[in-house]
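Student: any chance you can model this:
(2 chains)
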Amino acid sequence: MRRTWLVVAGVPLLTAVAGTLALLAIRPDLPDPVATHWGTSGADGFTALRWAWLPVLLGPALGLVLGVLLVLVAGREPAARRLGAGLGAGPAGFVTVLALGSLWIQRGLADARDAPGVGTVLVVALAVGLGLGAGAAALVRAAVAVAATGPVPGPRLDLAPGERAVWSAWTAAPPAVLALAAAGLVPTLVLVAIGIAPAFLLLVSLLVGVVLVATLAARVWVDERGLTVRSPLGRPAHRVPLAEIAAVAVVTVDPLGDFGGWGHRFGRRGRSGVVLRRGPAVEVTRADGRRFAVTVDGADEAAALLTTLVDRDRARPR
Amino acid sequence: MDPASPEPIYAQIAAAVRREVAAGRVRPGARLPGARELAAALGVNLHTVLRGYQELRDEGVVDLRRGRGAVVTEAAPRLAGPAAALRAFVAEARRAGLTAAEAAAMVREEMA
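Tutor: Predicted structure coming up:
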């Protein structure tokens, strides 16, 4: 846990320090006021130079808050800690590079209105942000698989000794939730269609659409590999192998109340899950107490098969 | 599915699907898991699953579509039970040496 805090707090802070030093270095060469906003026809928004430090520190500050909050709330789940580290570092890096970069291109200018376009800066900032985020996340220790022991309580299915069985179902968010999610894309599409917003925003909408498709539906498998929940696009996917399952239960889940929303989520107290609708869910508890749940119809049957398979796996000579 | 059973695996898979459809647990329009995924889950060869799916397609229980995989047809609930019995009947007929025409004639007689 100490390493997590080190990364979550350290990376944004380091970014802030680096950003401030860089800003101090180039400050003498900058015009006053500086360009701080670009439209389709070049620089069109200007601010007094003395406020230039604000965005350079705002990015890291935002990252720090995001990362710390996430780790505080869901830090029990290692995946949440990685996400917290990434969310701390990524925006910090992105905003700082964006702010510094947009000032960098104005070095030596007498008048900020001559500032060149920020396209390149934007791309570089994105790359740095993603890289920093991924790097920070990688620094945080991933989950360690712990083998569970002992029998698993719960109802079972009758399986003949050599018989193999699998259970599979498709689960998706209810139409109302899907519609709500899709509705978020509409404003962007409208704005691009009537020409106010630049066309490249369609790329953003596309990306968001892809993410929605990937996270609001899933195929659930119960078989010899354990409990697997896979997105229609392949990733994200979660698997809990039979060997790690200490308990299987059918629980009632409320995505909004228990997990703060729909999709692949972290909940309170070390819970994680793919929760797409209110109702029955298969929940497995790992040996270290972490719980993973997936909302799916037929949870009773799935849980019974899973318990049976775990039993079988435990009985297998090692 | 029992790999030790004399019944070929692809036939067991098809039979399992027919059972679920006949019982109403799988409804028309439902998409069966992708053949590759099911093969991985069961630990069998992809072609084994495909053969099972093809048998179901030939019976009219599922439709095999590119990109969507095996989709349960509208007629499936009505067809699933008879299709399962059909397998047994055809196996018997073959064992007795009946030709396709003779077997078909028996069915027509019985259904008249």
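
Student: list the residues that contact the closest residue to B:Gly60 other than its chain neighbours.
Tutor: Residue nearest to B:Gly60 in three dimensions, not counting chain neighbours: B:Leu79, with 5.3 Å by Cβ to Cβ, 6 or more residues apart in numbering or on different chains. C-beta coordinates here come from the backbone N, C-alpha and C atoms, glycine included. Applying Cβ atoms under 8 Å, 6 or more residues apart in numbering or on different chains to B:Leu79 gives the contacts B:59-61, B:73.

Student: repeat the analysis, applying 7 Å as the threshold.
Tutor: Neighbouring residues of B:Leu79 by Cβ atoms under 7 Å, 6 or more residues apart in numbering or on different chains: B:59-61.

Student: my guess is it is in a helix, correct?
Tutor: Yes: assignment of B:Leu79 by DSSP: H, G, I helix; E, B strand; the rest coil places it within a helix.

Student: state the distance from it to chain A.
Tutor: Between B:Leu79 and chain A the computed distance is 22 Å (Cβ to the nearest Cβ, to the nearest Å).

Student: go through the contacts of B:Leu79 and name the one nearest A:Ser102.
Tutor: Nearest to A:Ser102 among those: B:Val61, at 62.0 Å, using Cβ to Cβ.

Student: can you give me the pLDDT of the residue nearest to B:Gly60?
Tutor: Looking at B:Leu79, its pLDDT stands at 86.

Student: for it, give its distance to A:Leu157.
Tutor: Computed with Cβ to Cβ, to the nearest Å, the distance linking B:Leu79 and A:Leu157 is 27 Å.

Student: for A:Val240, same thing?
Tutor: From A:Val240 to A:Leu157 the distance is 19 Å (Cβ to Cβ).

Student: of those two, which one has the most company?
Tutor: Per other Cβ atoms under 10 Å in any protein chain shown, whichever of A:Val240 and A:Leu157 has more neighbours is A:Val240, with 23 against 15.

Student: for chain B, which residues are neighbours of chain A?
Tutor: Within chain B, the positions adjacent to chain A are B:1-4, B:31, B:33, B:41-43 by Cβ under 7 Å from any Cβ of the partner chain.

Student: those residues: which two are farthest apart?
Tutor: B:Ala4 and B:Arg31 (30.0 Å).

Student: what residues are bridge-paired with the residue in the stretch 201-318 of chain A that chain B sits nearest to?
Tutor: Of all residues in the stretch 201-318 of chain A, A:Asp223 sits closest to chain B, at 4.1 Å by Cβ to the nearest Cβ. Per DSSP bridges, the residues bridged to A:Asp223 are A:Gly226.

Student: next one: whichever residue of the stretch 1-150 of chain A sits closest to chain B relative to A:Ala243, how far apart?
Tutor: For the stretch 1-150 of chain A, the residue closest to chain B is A:Ala145, as judged by Cβ to the nearest Cβ, at 20.1 Å. Computed as Cβ to Cβ, the A:Ala145 to A:Ala243 distance reads 8 Å.

Student: helices along chain B, start to end?
Tutor: B:9-22, B:35-42, B:46-59, B:76-96, B:100-111 (DSSP state H).

Student: nearest to A:Gly108, out of those?
Tutor: Using Cβ to Cβ, those put helix B:35-42 closest to A:Gly108, at 58.9 Å.

Student: in that closest one, what counts as buried?
Tutor: Within helix B:35-42, the residues that qualify as buried by neighbour count (16 or more other Cβ atoms under 10 Å in any protein chain shown) are B:35, B:37-42.

Student: what strand or helix carries the closest residue to A:Leu98 other than its chain neighbours?
Tutor: Leaving out its chain neighbours, the residue that sits closest to A:Leu98 by Cβ to Cβ, 6+ apart is A:Ala125, at 3.9 Å. Assigned by DSSP states H and E, A:Ala125 belongs to helix A:119-139.

Student: for stretch A:33-52, the averaged confidence score.
Tutor: 79.

Student: how about it: buried residues?
Tutor: If you call a residue buried by 16+ other Cβ under 10 Å, then stretch A:33-52 has these buried ones: A:33-36, A:38, A:43, A:46-47, A:49, A:52.

Student: what separates it from the chain centre, distance-wise?
Tutor: Relative to the centre of its chain, stretch A:33-52 is centred 32 Å away, using Cα atoms, centre = their mean, to the nearest Å.
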